[in-house]
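> Structure for this input, please:
(4 chains)
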Protein chains: 2
Amino acid sequence: MSLTVVVEVVTQESIQEQYRLLQDIFVLLDDGDRNDLAEFGITTSQFRVLMLLNTVQGIRLATLADRLLLARSTITRIVDQLEQDRLTKRLDDPADRRAQHVVLTELGAQLRQQAQVAHLRSLERRLSTLAPGEMNTLNDLLRKLRHSLGQDLSARTGR
Amino acid sequence: MSLTVVVEVVTQESIQEQYRLLQDIFVLLDDGDRNDLAEFGITTSQFRVLMLLNTVQGIRLATLADRLLLARSTITRIVDQLEQDRLTKRLDDPADRRAQHVVLTELGAQLRQQAQVAHLRSLERRLSTLAPGEMNTLNDLLRKLRHSLGQDLSARTGR
DNA sequence: ACGCAACAATTCCGCAAGCAAGTATTCTCG
DNA sequence: CGAGAATACTTGCTTGCGGAATTGTTGCGT
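Residues are numbered from 1 along each chain as shown, chains lettered A, B, ... in the order given. As a prediction, this is how the structure comes out:
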């Protein structure tokens, strides 16, 4: 019986530590990202949108919202900002007059390329501690984690 | 030469995937947290502050800001809210009249306890996929990651 | 055909968080 | 000692994001 208790306590502590670790890591990641992207004049959200605009045919606003787990109104504003900076354009969907496709402009494609390279360099530097094998292990576990959390989300909202 | 190129490409992809995974996990975690904590009438930021108020002697506002990597003005407002809800009190620091210590009220301690238990239950459910061994491995790797990111932060700001 | 639910995007409102400036206090060191 | 730098907190302003309501469009059931 006492064994059970001990095991449970240990697990609870592991879970809480994991939670704190993930929190800390996110905050640190985000802080560095903001720092990196500031010199390109874009926010992390804008960057994440730009990174999804890799095709010429564009992507719908609703799809962006789903992919980034942001509210649609938020996507509207972010795309407004990008458009104001001449980085993207809205094109009407030929098949659905409700929908619009966001596409990169020439300028947007250039900036996206530069920002992506700089961001990647920064990530390589900041995550340099992990050996290749560790990185793969970590990614495997993170995938499981994401899947588990995704399951829970759809259980909460999708029913 | 081609080997070098291949290895580098693979590593870059791993890093980018890791970045996306962490992004996704954070968003999912935060979404669930907000859902859990809503029934206690507190936000995730307020919760994170409450979780640091475990001692009777309290903690300084500036320390909270440093621990949570939030601006001091943000901490001021969060503590204002908690105080308005009678969950915390500000006590003057006897040794430094500039500083104040935030302490839990009786009500705050109760709510903190309840919220913590509920949150932990939720985490156990949401992270149930990982086996104990995997969890330990993951935490080890996350610790390395946090350390590496922390190093970079102090290299950026602390000099 | 047509009415109605579902969907795409936007607008409006409110809250959360950062930055910069301001006040009060403490520290440093010449 | 005492002037200036540093520190602790607060306030005003700006921006980013979510949620509800709105407008216009599509698709489904009958």
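> Next secondary structure after the longest helix belonging to chain A?
Taking DSSP state H as the criterion, chain A has its longest helix at helix A:2-38. The helix or strand immediately downstream of helix A:2-38 is helix A:44-52, counting by DSSP states H and E.
> quick one: average pLDDT of that following helix?
Helix A:44-52 shows a mean pLDDT of 95.
> could you check the angle helix B:44-51 makes with the longest helix of chain A?
130 degrees (axes from the mean of the first three to the mean of the last three C-alpha atoms, to 10 degrees).
> Okay, buried residues for helix A:2-38 please.
Burial within helix A:2-38, assessed by neighbour count using 16 or more other C-beta atoms under 10 Å in any protein chain shown, is assigned to A:14-15, A:18-19, A:21-29, A:31-33, A:36-37. For every residue, glycine as well, the C-beta is placed using N, CA and C.
> ditto for stretch A:37-51
Going by neighbour count (16+ other C-beta under 10 Å), the buried part of stretch A:37-51 is A:L37, A:F40, A:I42, A:T44, A:S45, A:Q46, A:F47, A:R48, A:V49, A:L50, A:M51.
> Also stretch A:106-120?
Those would be A:G108, A:A109, A:L111, A:R112, A:A115, A:Q116, A:H119, for stretch A:106-120 by 16+ other C-beta under 10 Å.
> Name the surrounding residues that touch whichever strand or helix holds the last one.
What that stands for is A:H119. In the assignment (DSSP H and E), A:H119 maps to helix A:106-126. Helix A:106-126 is contacted from outside by A:29, A:32-33, A:36-37, A:39-40, A:42, A:47, A:50-51, A:53, A:82, A:86-88, A:104, B:11-12, B:15-16, B:19, B:148-149, B:152, using C-beta atoms under 8 Å, 6 or more residues apart in numbering or on different chains.
> can we see that at 6 Å?
A:G32, A:D36, A:F40, A:L50, A:R86, A:L87, A:T88, B:I15, B:Y19, B:L149, B:D152 (C-beta atoms under 6 Å, 6 or more residues apart in numbering or on different chains).
> Report the angle between it and helix B:2-38.
90 degrees.
> follow-up on the earlier one: return the distance of the longest helix of chain A from the chain's centre.
In terms of C-alpha atoms, centre = their mean, to the nearest Å, the centre of helix A:2-38 is set 18 Å apart from its chain centre.
> is chain B contacted by it?
Yes. Contact between helix A:2-38 and chain B, assessed by C-beta under 6 Å from any C-beta of the partner chain, occurs at A:S14, A:I15, A:E17, A:Q18, A:Y19, A:L21, A:D24, A:I25, A:F26, A:V27, A:L28.
> quick one: pLDDT of A:G32?
pLDDT recorded at A:G32 is 88.
> and the closest residue to it other than its chain neighbours, what pLDDT?
Closest residue to A:G32 apart from its sequence neighbours, by C-beta to C-beta, 6 or more residues apart in numbering or on different chains: A:R126 at 5.8 Å. On the pLDDT scale, A:R126 is placed at 89.
> okay, now the domains of chain A?
A:2-128, A:129-159 (automatic domain parsing).
> hey, least reliable of those by pLDDT?
domain A:129-159 (a mean of 85).
> which of the residues in that domain are buried?
Buried-residue list, domain A:129-159, by 16+ other C-beta under 10 Å: A:129-130, A:135, A:137-139, A:141-142, A:144-146, A:148-149, A:152-153.
> out of those residues, who's nearest DNA strand D?
Within these, distances to DNA strand D taken as C-beta to the nearest atom of the strand reach their minimum at A:L153, with 12.4 Å.
> could you list every residue that touches A:R90?
By C-beta under 6 Å, 6+ apart, A:R90 lies in contact with A:Q100.
> Of the buried residues of stretch A:106-120, which are in range of DNA strand D?
When C-beta under 7 Å from any atom of the strand is applied, no member of those is adjacent to DNA strand D.
> okay, those in CSV with distance to DNA strand C next?
CSV is the format used below for those (distance: C-beta to the nearest atom of the strand, whole Å):
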residue, distance to DNA strand C
A:G108, 16
A:A109, 20
A:L111, 21
A:R112, 20
A:A115, 19
A:Q116, 23
A:H119, 18
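> As JSON lines, those with distance to B:L69 would be great.
Shown next, in JSON lines, are the buried residues of stretch A:106-120 (distance: C-beta to C-beta, whole Å):
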{"residue": "A:G108", "distance to B:L69": "31"}
{"residue": "A:A109", "distance to B:L69": "33"}
{"residue": "A:L111", "distance to B:L69": "28"}
{"residue": "A:R112", "distance to B:L69": "28"}
{"residue": "A:A115", "distance to B:L69": "23"}
{"residue": "A:Q116", "distance to B:L69": "25"}
{"residue": "A:H119", "distance to B:L69": "20"}
